[in-house]
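**Q** Could you work out the structure for the sequence below:
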Amino acid sequence: MEQLSLEQLLEKATSEPQYRPEFYKRLLTDELAVIMQRTTPPLPEDSDDDGDVVIANFPDGVIPVFTSVEKIYDKGVNKEQLLHMQLPGDKLLALLKGQTLVLNPYSDFGKKFLPEEVDKMLDGSIFEPGAIDMQLPQPQQVRLGIPAAYPEDAMKALTELFATRPMITSAYVGMIQVQEDRPPHYIYAVEGEGDLAPLAQEIGMLIQNTRPGEMFDLVRIPGNSFDEFFYKHHQPFYTK
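**A** Next up, the predicted model:
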């Protein structure tokens, strides 16, 4: 994924959820461009003063943002050279906080960002897995089982992600019920080498994007009370 341009990630993220975490990360680190427009008449060519300029927006107030300067001129929408500004994504998004944005509006693939989504990118909450690495207090009872129906869409997306992450050695999915009065939900167990904490956010976000609104848990094995269930009574859906 690191070899893909931001434009390529945007295209893939529209239909392939496993690319969305990396797309959001790169959106914060890569340079983005905006069109600038003058608010005062042009000054003489020999002047060192550019006059007053502001970030341009569409008539409805939406601000166009571009993954590169070249995307400003896609499909010949803008034929004349325009003033522009480039900043790292996190700095530009912070500058435009509270605004509705549209990424690459003149291209075949674009995306609209509401203020709430921009806020989640800036504070990092968009990467939160929505699940916790469970440390169950004893003697709390849980029920573990093999799913009657597997989350095939999430498993497919995770398999494609893990294929690009050599530190992941295997992954399982089961069902867990923590309390009698609550319905069971999926639990994903991941085995790997080194520090997997940063990857946990990416995995959790991918599951959320694939199965929105669905509760799940995410644990690392070995190292907790679920080891025996997954190693002795289950088969991995992914192996290195």
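**Q** Show me the shaky parts of the protein.
**A** 1-2, 14-17, 39-51, 128-142, 178-182, 198, 213 (pLDDT under 70).
**Q** care to break it down by domain?
**A** 6-126, 143-239 (automatic domain parsing).
**Q** Figure out the length between the terminal residues of the shortest one.
**A** End-to-end distance for domain 143-239: 25 Å, by C-alpha to C-alpha, to the nearest Å.
**Q** just stretch 200-219 next, same as before
**A** End-to-end for stretch 200-219, by C-alpha to C-alpha: 9 Å.
**Q** Could you do stretch 64-81 as well?
**A** 16 Å.
**Q** which parts of that stretch are buried?
**A** If you call a residue buried by 16 or more other C-beta atoms under 10 Å, then stretch 64-81 has these buried ones: P64, V65, F66, T67, S68, K71, I72, D74. Where you see a C-beta, it was placed from the backbone N, CA and C, and this is true even at glycine.
**Q** before we move on, what about stretch 187-203?
**A** Quick answer for stretch 187-203 (16+ other C-beta under 10 Å): I187, Y188, A189, V190, E191, G192, L196, L199, A200, Q201, E202, I203.
**Q** How far away from the center of its chain is the helix ranked longest in the chain?
**A** Secondary structure of the chain per DSSP state H: the longest helix is helix 197-210. From the chain centre to the centre of helix 197-210 is a distance of 8 Å (C-alpha atoms, centre = their mean, to the nearest Å).
**Q** quick one: the helices in the chain?
**A** Under DSSP H, the chain gives helices at 6-13, 20-29, 89-95, 115-123, 152-162, 197-210, 227-233.
**Q** counting contacts, what elements does the fourth one pack onto?
**A** Contacts of helix 115-123 with other secondary structure elements, assessed using 3 or more C-beta pairs under 8 Å, 6 or more residues apart in numbering; DSSP states H and E, are made with helix 20-29, helix 89-95.
**Q** So which of the ones you listed is the most surrounded?
**A** Of the helices and strands packed on helix 115-123, the one with the most neighbours on average (mean count of other C-beta atoms under 10 Å) is helix 20-29, at a mean of 20.
**Q** Report all helices and strands that the longest helix of the chain contacts.
**A** Looks like helix 197-210 contacts helix 20-29, helix 152-162, strand 185-192, strand 216-220 (3+ C-beta pairs under 8 Å, 6+ apart).
**Q** and I126, which of those is closest to it?
**A** helix 20-29 (5.9 Å; C-beta to C-beta).
**Q** Tell me the helices and strands packed up against the closest one.
**A** helix 6-13, helix 89-95, helix 115-123, helix 197-210.
**Q** Could you check the angle the first one makes with helix 20-29?
**A** Here helix 6-13 points in a direction 150 degrees away from that of helix 20-29 (axes from the mean of the first three to the mean of the last three C-alpha atoms, to 10 degrees).
**Q** In helix 6-13, which residues are buried?
**A** L6, E7, L9, L10, E11, K12, A13.
**Q** Contacts only, for the second one.
**A** Applying C-beta atoms under 8 Å, 6 or more residues apart in numbering, we find E7 in contact with T67, S68, K71, N104, S107, F109.
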